[in-house]
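When you get a sec, could you give me coordinates for this:
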Amino acid sequence: MGTDPDPDFDVDALDQLVSAVVELQEDAAAGAAVDDPIDVVSEAAGMLAGVDLGLDEVAAPSKGEPAATPAVEQPSAMARVKRYFEKSKFDIHAPIGMTFSIAARRSFFEQFFGQRLVIDEERFFAPVTTADGSSQLSVEVLPEEIRVLVKSISLPPPPEIPAGASF
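Now for the predicted structure:
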């Protein structure tokens, strides 16, 4: 497992914000059908607020019938992986398909993943890579129950700057 980074580390002006894209395994969402899109929005809002909204409703038993024991549903793979990174102190951004992004300071990423990141400090919108030039972060630092759900964690390329644009 990765070393738990200290979220209170000193931040200097050159400790840039970095983001990465977490992609889940294609089969990680198997069985996680969405019945009600309102529940999905509510679950996301609750996760952001750190509140369990208890959306698993149980019908009241008819008179004379014993109360059924509610089935305990496992959160979706997306919710589990997002919650892991959220508890690890990353900023979490909305999912798109089987991906979502995480963000933190460069030093936090380096502590968490155990990999040095390289950013060309002289260029605006410079790519972020690992010391060996890769755009992939190791998933091996993740706990097994999370690692099996994650396909990859990628450092995205910088946005393309339109010709003639200046900053």
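
next SSE after the helix or strand of the chain with the lowest mean pLDDT?
Averaged element by element with mean pLDDT, DSSP states H and E, the chain has its least confident helix or strand at helix 37-49 (a mean of 49). Where DSSP states H and E defines the elements, the next helix or strand beyond helix 37-49 is helix 77-87.

Restrict that following helix to CA atoms and write it as PDB.
Listed next in PDB are the C-alpha coordinates belonging to helix 77-87 (Å, rounded to 0.1, in the frame of the first residue of the first chain):
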ATOM      1  CA  ALA A  77     -17.500   0.300  -7.800                       C
ATOM      2  CA  MET A  78     -17.400   3.900  -8.800                       C
ATOM      3  CA  ALA A  79     -18.700   5.100  -5.400                       C
ATOM      4  CA  ARG A  80     -16.200   2.800  -3.600                       C
ATOM      5  CA  VAL A  81     -13.200   4.000  -5.600                       C
ATOM      6  CA  LYS A  82     -14.200   7.600  -5.400                       C
ATOM      7  CA  ARG A  83     -14.700   7.300  -1.700                       C
ATOM      8  CA  TYR A  84     -11.300   5.800  -1.300                       C
ATOM      9  CA  PHE A  85      -9.600   8.700  -3.000                       C
ATOM     10  CA  GLU A  86     -11.700  11.200  -1.200                       C
ATOM     11  CA  LYS A  87     -10.800   9.700   2.200                       C
END
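
helices and strands around it, which ones?
Helix 77-87 sits against strand 17-24, helix 37-49, strand 91-92, strand 99-105, helix 144-147, with contacts defined as 3 or more C-beta pairs under 8 Å, 6 or more residues apart in numbering; DSSP states H and E. In this view, the C-beta of every residue, glycine as well, is placed from N, C-alpha and C.

Next one: the residue lying closest to residue 145 once chain neighbours are set aside relative to residue 144, how far apart?
Closest residue to residue 145 apart from its sequence neighbours, by C-beta to C-beta, 6 or more residues apart in numbering: residue 80 at 7.7 Å. Remark: distance between residue 80 and residue 144 (C-beta to C-beta, to the nearest Å) = 12 Å.
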